[in-house]
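Colleague: Structure of the sequence below:
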Amino acid sequence: MNILDELNPAQREAVEAVNGPVLILAGPGSGKTMVIAHRVAYLIKVCGVSPHRIMAVTFTNKAAREMEERLHRLVSSSVRELTLGTFHAICARILRNEGRAVGINPKFVIYDDEDQISLIKRSLKEVDLDPKQYAPRAIVSAISAAKSRMLPPKDYIEQGRSYFDEIVGRVYERYEQILTENSGLDFNDLLMKAVQLFRNKSDISSRYQARYLHLLVDEFQDTNLTQYELIKQLGGKYHNICVVGDPDQSIYSWRFADLRNILSFEKDYPEAKLVLLEQNYRSTKKILDTASYIIEANQQRKPKELWTNNELGELTTVVETYTEQEEAQFVVNEVERLVSEGKASLGDCAIMYRTNAQSRALEEAFVRYGTPYKLVAGTRFYERREIKDIIAYLRLIQNPHDSVSLMRIINVPGRGIGQQTQAKLSSWAKSMGVSQYEALPVMAKPEVKETAHQPFFNSRISQTLTDFGNLMEEFIAHSQELNLVDLFDLVVERSGYKNYILGGIEEEERWENILELRTVVQQYRDFKPQDGLTDFLEGVTLVSDVDRLDRSVDTVTLITLHQAKGLEFPVVFIVGMEDGILPHFKSFDDPAQMEEERRLCYVGVTRAKQRVYLVRAFRRNLMGSSTVSRPSRFLNDIPQHLIQGGGLWSGEESQITKAIYSWNEAPAPSLNNVALKAGDHVRHAQFGNGVVVSCQLVTDDSEVVVAFIGAGVKKLLLSFAYLEKVE
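Modeller: Residues are numbered from 1 along each chain as shown. Predicted structure coming up:
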């Protein structure tokens, strides 16, 4: 029973409620990871449940590692028998074991975002559409949305209502055919195919339902419809489903997460027990109060009363600067001040922002002042060219039908196999209904003459294709007997890639990256040869930016608010606290999206342990235009007793804002049935939405200065402008 000793009463209640469905609403910093780990340990040690019959699902590899570390301390070797991992990793495992029943090759390759874009471009061309006319990324997003709703191409086409839907449907159909030809799955397939497997194969579904007596799901507010369906399928026999989450931290609707899953869990399971985890162990009382005032305006939530025994702490510092350059300068100076006064280290500080574009001014300031920083989601490690190349060799060894990988490395290092030869290879393989790898040995035969279906290659190209095919056959044969480290070394040497790297530009950095990849490979040294290769490729494909965030290095972290979820820092700066940025202007006309923007701000504030800075610029150059903006409406939700000034902030409203918006506060004369004053929100047919900066009487008219979102500041005559006043 000592498993329960370090838990508070609410946490103990969550751990001991082992029978039937359980909904744990866990506020930020409330120890939910500890609760899940202790619940698993309680099931094993106290209730006598075999770890083989427990599944614990997380959303990130980082969370899975933290869970595994905690469980090692609590139940030691039993961790090996648990099913523990992310949704995607667990589904990949299921499909490799059971996928043959629905026609899935167990050696399937998992295509990442870059691979998907490549396949969509190819699909567009093959259905006679121009990739320059139809944005591949928009089509990827539409297909991902369809798969998150379990819609195959046929159903998507039938439900289409627009010309764009028709285009997507045509591309989606060909895209799926190419995936099948390559024995490939994308991220969404891992989930959708697993659900389809259980729907269509009742014997397999029954076997898994009988195995998993208990299911635990972390970050349940981030599940989409497919993930929820999967959980309901797996828990269909015993209903011992424990979900942990917080509606106030649901910020991924753009990834098709559905907030309704957690809000309606009790409707789906009326017998469910509700447990609230409201004690916060992370933040000071004043930070919690600030966060609570920000979030309580939302309607789509389940109210909680966050509290803490931590110290009262510092007031929230709200700062206004004139430009984004001054905003960045303030941040750097304040970080340096905190460090010099011994109040924080560089590694304690995180700068968070709504959009990636905001990082530019911050990076420039950190470089200019020589302050060390790391940018999360700069050039991602696994997207670097040399890393993608080596992984492509390994993927082709595992799955020779993977044409994406083959075309990536067939001429890397250079072998004289140019674009024309590659196009011939691709066209012939398609016409014969074989993979490009299968076409190699036939097309490389010099005695084969050119026919209508088979192009002829000269002796040099034939020999080169033969040599490449033989090289890959050699690698495939060695993969059956070598551990992954030795196979990795063989590929890097025998392919000529090492000499290729060391003889090129930026050779030192690129070679260091390959050695870093080898460090990752070493984790799989003791696996059986084929198992090590499969698990490694699966792991690197499903890795995220945050998974590689190294907190041991003493540098400031620059990170988006979305990526900061699940992290914590002693000091947090949130920049761009302006209407139009946070909240984002795309949320202005959508109440549901506005609530998500408020949740995003709440998530940012609750990452902080000791200090929070909310910073804005009066004028900002962003995405090619200069805009004047009002303070974020979320700042108005924070009462004055929780705020202290910084920069040009004066309390109720900034000095700059008060000065600008006090220009001619009297309403302009009513023209076209519109009476305007500074601060009013308006809409223009050409320039879109904006805020009135000033109104000034001129002869028989009014001159109105409006700061438009995206179009910048415009001076207009009211009689000609036809401005529409909006709420």
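Colleague: hey, C-alpha coordinates of stretch 519-537 in PDB?
Modeller: Extracted in PDB, the C-alpha atoms of stretch 519-537 (Å, rounded to 0.1, in the frame of the first residue of the first chain):
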ATOM      1  CA  THR A 519      24.100   7.300 -31.300                       C
ATOM      2  CA  VAL A 520      20.400   6.800 -31.700                       C
ATOM      3  CA  VAL A 521      21.000   3.500 -33.600                       C
ATOM      4  CA  GLN A 522      23.100   2.200 -30.700                       C
ATOM      5  CA  GLN A 523      20.000   2.000 -28.600                       C
ATOM      6  CA  TYR A 524      18.900  -0.900 -30.800                       C
ATOM      7  CA  ARG A 525      22.300  -2.800 -30.700                       C
ATOM      8  CA  ASP A 526      20.900  -5.700 -28.600                       C
ATOM      9  CA  PHE A 527      17.700  -6.200 -30.700                       C
ATOM     10  CA  LYS A 528      17.400  -9.100 -33.100                       C
ATOM     11  CA  PRO A 529      18.600  -7.900 -36.500                       C
ATOM     12  CA  GLN A 530      15.100  -7.500 -38.200                       C
ATOM     13  CA  ASP A 531      13.400  -6.300 -35.000                       C
ATOM     14  CA  GLY A 532      16.000  -3.600 -34.400                       C
ATOM     15  CA  LEU A 533      15.700  -2.200 -37.900                       C
ATOM     16  CA  THR A 534      11.900  -2.200 -37.800                       C
ATOM     17  CA  ASP A 535      11.700  -0.600 -34.300                       C
ATOM     18  CA  PHE A 536      14.300   2.000 -35.200                       C
ATOM     19  CA  LEU A 537      12.600   3.100 -38.400                       C
END
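Colleague: Point to the helix or strand of this structure where mean pLDDT is at its lowest.
Modeller: Least confident helix or strand of the chain, by mean pLDDT, DSSP states H and E, is helix 655-661 with a mean of 42.
Colleague: Which strands and helices lie in contact with the helix or strand just after that one?
Modeller: Using DSSP states H and E, the helix or strand that follows helix 655-661 in sequence is strand 681-684. Contacts defined by 3 or more C-beta pairs under 8 Å, 6 or more residues apart in numbering; DSSP states H and E place strand 681-684 against strand 688-698, strand 701-708, strand 724-726. C-beta coordinates here come from the backbone N, C-alpha and C atoms, glycine included.
Colleague: how about a cut-off of 6 Å?
Modeller: On a contact count with 3 or more C-beta pairs under 6 Å, 6 or more residues apart in numbering; DSSP states H and E, strand 681-684 meets strand 688-698, strand 724-726.
Colleague: which other residues reach it?
Modeller: Here strand 681-684 makes contact (C-beta atoms under 6 Å, 6 or more residues apart in numbering) with 689-691, 723-726.
Colleague: Break down the stretch 201-350 of the chain into its strands, ranges please.
Modeller: 214-217, 241-245, 273-277, 316-321, 349-353 (DSSP state E, counting those that start in this stretch).
Colleague: Would you mind giving those as CSV with mean neighbour count, mean pLDDT and distance to His401 added?
Modeller: Listed next are those as CSV, based on neighbours: other C-beta atoms under 10 Å; pLDDT from 0 to 100; distance: least, C-beta to C-beta, whole Å:
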stretch, mean neighbour count, mean pLDDT, distance to His401
strand 214-217, 24, 96, 34
strand 241-245, 26, 96, 38
strand 273-277, 19, 96, 48
strand 316-321, 24, 93, 56
strand 349-353, 26, 97, 42
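Colleague: nearest to Gln329, of those strands?
Modeller: strand 316-321 (7.7 Å; C-beta to C-beta).
Colleague: Restrict the closest one to CA atoms and write it as CSV.
Modeller: The C-alpha trace of strand 316-321 is given here as CSV (Å, rounded to 0.1, in the frame of the first residue of the first chain):
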residue,chain,number,x,y,z
THR,A,316,2.4,39.0,-13.7
THR,A,317,4.5,41.5,-15.6
VAL,A,318,2.6,43.0,-18.6
VAL,A,319,4.8,45.0,-21.0
GLU,A,320,4.2,47.1,-24.1
THR,A,321,6.8,48.1,-26.5
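Colleague: Given that strand, what are its sheet partners and their directions?
Modeller: Strands adjacent to strand 316-321 in the sheet, as given by DSSP bridges, are strand 608-617 (parallel), strand 643-647 (parallel).
Colleague: And those, which one averages the lowest pLDDT?
Modeller: Among the strands paired with strand 316-321, strand 643-647 has the lowest mean pLDDT, at a mean of 70.
Colleague: circling back to that earlier point, closest one to Arg630 among the strands of the stretch 201-350 of the chain?
Modeller: strand 316-321 (10.8 Å).
Colleague: chain center to that closest one: distance?
Modeller: With C-alpha atoms, centre = their mean, to the nearest Å as the basis, strand 316-321 stands 29 Å off its chain's centre.
Colleague: Next, the distance between the ends of stretch 293-303.
Modeller: End-to-end span of stretch 293-303 (C-alpha to C-alpha, to the nearest Å): 12 Å.
Colleague: Of all the residues in that stretch, which ones are buried?
Modeller: 293-295, 298, 301 (16 or more other C-beta atoms under 10 Å).
Colleague: sorry, back to before: hey, which of the strands paired with strand 316-321 is tucked in deepest?
Modeller: With neighbours taken as mean count of other C-beta atoms under 10 Å, the strands paired with strand 316-321 reach their highest mean count in strand 608-617, at a mean of 26.
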